[in-house]
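Engineer: The following comprises the amino acid sequence and a computationally predicted model.
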Amino acid sequence: MLGFVTVVFGLSVLLHLYVGRRLMAPFDLSPAATRVVLGALVLHALAMPAIFLTIPATGTWWADAAQYVGYVGMGVFSLVFVLLFFRDAGLLALDLLARVVPVEVPFDPARRAFTSQGASMFILGAAALMGGAAWVGARRRPTVETVPVPIPGLPPALDGFRIVQISDLHAGPSVKEDAFADIVATINGLSADLVAVTGDLVDGSVGRLAGHVAPLAHLVSRHGTYFVTGNHEYYSGVESWCAHCESVLGMTVLNNRHVVLDHDGATLTVAGVTDQRAGGMAEGHASDPEAAFASAPASIRVLLAHQPTTAYRASRLAHLQLSGHTHAGQYFPFTWLARLVLPFARGLHRVGTMWLYVNRGTTFWGPPMRLDAEQEITLLELRPA
């Protein structure tokens, strides 16, 4: 943890120095004002690694408050940084273009100062507006996304089989018992045949957060609730959480194994794998789709896997994979970046002969912000192809 926090602190300082220098440059600040701005930037740079130092105490009022303030600052700062980066990239492109195609423009220091100051003020204003809109978005309840999934050879008894998926709930400093109670009430009104929880349930220990997730024990569906681990369970005491999900919350934990359901005479196999990075964090937890389906009957197969890229290994093993992890980028402009760089950022995809659905996240992680990626509860309905 100390090494990780040191790296985070170093990166945070560098980013803050860049932002401070580029935003302050157009303004003729007095030495006193400069010291105030630099002091504020240093304090904010310290706030980011401090978030991670308070994680063991998540669930206490002071740690939750410290993390909440730190995460809000992180969110707004990330928006300022991205907007500033794009501005500087645009200026660099114009400068390179001017070198290739020289254009005589008379230099006016007053005009240059005015436009530079205006650009800096615009960035700060835009970041504040976007951050405010994203904060409001995170306060909204998750939307229910109904997704029909066409399955070749689907038995008539499974036509209309309803799977409700929730993912990335991140119980912790910002997501507490009342949010879980609302989610459970919504799910219980959907007449689900099965509920799937695809990882990143918590950001803290069982001792601190058991009360926050307690409403999940009241989930109602015909065949029960099934859980697989995400990467955040391995930062929070994975063995304790798996035991708690089984014994207290009434979930079936599918760590590289499957169960076979009988639904009106038709067979459905539901398998689950541990997180892709689990093998390096907990002995015996390496993700193994092949082991998850070992000895499974020839039937319709559904795989629960936190990370979408598990689909590359599982595409010949299942008809449908349910995943999360990406948060679809969580808030703009990172939503666009997620679509650009991730193979599966959100929604329904075809991987070989298998369908993959990526849930946008039922709540959020870190900055309490959502913009251009609403929180979702997914209702998947199996249909004959």
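Structural biologist: Cool, got the structure. What you see is a predicted model; the values in this text were computed from it and never measured.

Engineer: This structure: helices as residue ranges?
Structural biologist: 2-24, 31-53, 61-100, 109-139, 177-188, 206-213, 238-247, 289-292, 311-314, 334-341 (DSSP state H).

Engineer: Compare those helices and report which one is nearest to A196.
Structural biologist: Of all these, helix 177-188 sits nearest to A196, with 10.8 Å by Cβ to Cβ. Using the backbone N, CA and C atoms, a C-beta is placed for each residue, glycine as well.

Engineer: Dead centre of this protein: give me the residue that sits there.
Structural biologist: For the chain, the residue nearest the mean C-alpha position is H327 (3.3 Å; Cα atoms, centre = their mean).

Engineer: Tell me, how many residues neighbour A311?
Structural biologist: 25 (other Cβ atoms under 10 Å).

Engineer: hang on, the earlier thing: pretty sure the residue nearest to the centre of the chain is touching A373, no?
Structural biologist: Yes: counting by Cβ atoms under 8 Å, A373 is a contact partner of H327 at 6.6 Å.

Engineer: Mind listing the shared neighbours of those two?
Structural biologist: 360-361 (Cβ atoms under 8 Å, 6 or more residues apart in numbering).

Engineer: where in the stretch 51-200 of the chain is pLDDT low?
Structural biologist: Counting by pLDDT under 70, the stretch 51-200 of the chain contains low-confidence ranges at 103, 105, 107-108.

Engineer: Apart from its neighbours in sequence, what residue is nearest F180?
Structural biologist: What sits nearest to F180 in space, not counting adjacent residues and going by Cβ to Cβ, 6 or more residues apart in numbering, is P215, at 4.3 Å.

Engineer: How much space separates that neighbour from E381?
Structural biologist: 25 Å (Cβ to Cβ, to the nearest Å).

Engineer: Which positions in stretch 215-227 come out as buried?
Structural biologist: Neighbour-count burial for stretch 215-227 flags 215-216, 219, 221, 223-227 (criterion: 16 or more other Cβ atoms under 10 Å).

Engineer: Straight-line length of it, end to end?
Structural biologist: From its first residue to its last, stretch 215-227 covers 15 Å (Cα to Cα, to the nearest Å).

Engineer: picking that back up, surely the residue nearest to F180 meets A179?
Structural biologist: No: using Cβ under 8 Å, P215 is not in contact with A179, being 9.0 Å away.

Engineer: follow-up on the earlier one: which among the helices of the chain is found nearest to D262?
Structural biologist: For D262, the closest of the helices of the chain is helix 289-292, at 19.4 Å, according to Cβ to Cβ.

Engineer: Contacts for the closest one next, please.
Structural biologist: Helix 289-292 has contacts (Cβ under 8 Å, 6+ apart) with 254, 256-258, 271-273, 303, 305, 310, 313-314, 317-318.

Engineer: cool, stretch 215-225 as well?
Structural biologist: With contacts defined as Cβ under 8 Å, 6+ apart, stretch 215-225 is touched by 164, 177, 180-181, 183-184, 187-188, 192-197, 248-252, 261, 263.

Engineer: what bridges to L371?
Structural biologist: Note on L371: beta-bridge partners by DSSP bridges are Y331.

Engineer: Now do the contacts for it.
Structural biologist: L371 neighbours (Cβ under 8 Å, 6+ apart): 130, 133-134, 137, 331-332, 335.

Engineer: so what are the domain limits for this structure?
Structural biologist: Domain assignment for the chain by automatic domain parsing gives 2-137, 142-384.

Engineer: Deepest in the core, which of those domains is it.
Structural biologist: Ranked by mean neighbour count under mean count of other Cβ atoms under 10 Å, these are led by domain 142-384, which reaches a mean of 20.

Engineer: first vs last residue of that domain, how far apart are they?
Structural biologist: The first-to-last residue distance of domain 142-384 comes to 28 Å (Cα to Cα).

Engineer: Which among the helices of the chain is found nearest to G153?
Structural biologist: Across those, closest to G153 is helix 311-314 (Cβ to Cβ), at 18.2 Å.

Engineer: G204 touches G59, doesn't it?
Structural biologist: Yes: using Cβ under 8 Å, G204 is in contact with G59, at 5.5 Å.

Engineer: which residues are common contacts for those two?
Structural biologist: Common neighbours of G204 and G59 (criterion: Cβ under 8 Å, 6+ apart): G172.

Engineer: Tell me the spacing between S174 and G329.
Structural biologist: Per Cβ to Cβ, S174 is found 18 Å from G329.

Engineer: again with W241
Structural biologist: 26 Å.

Engineer: now do H319
Structural biologist: Applying Cβ to Cβ, the value for H319 to G329 is 28 Å.

Engineer: Show me what R350 is bridged to.
Structural biologist: Going by DSSP bridges, R350 forms beta bridges with W355.

Engineer: Okay, strands next: where are they in the stretch 201-350 of the chain?
Structural biologist: Assigned by DSSP state E, counting those that start in this stretch, the strands in the stretch 201-350 of the chain fall at 225-228, 252-253, 257-263, 266-272, 300-304, 320-323, 347-351.

Engineer: Can you pull the residues that touch both of P215 and A179?
Structural biologist: With the criterion set as Cβ under 8 Å, 6+ apart, the contacts of P215 and A179 do not overlap.

Engineer: is it true that D203 touches I55?
Structural biologist: Yes: under the criterion of Cβ under 8 Å, D203 makes contact with I55 at 7.1 Å.

Engineer: what residues are shared contacts of those two?
Structural biologist: With contacts taken as Cβ under 8 Å, 6+ apart, the residues that reach both D203 and I55 are Y235.

Engineer: quick one: contacts for G204?
Structural biologist: Counting by Cβ under 8 Å, 6+ apart, G204 touches 55, 58-59, 171-172, 236.

Engineer: Great, nothing more from me.
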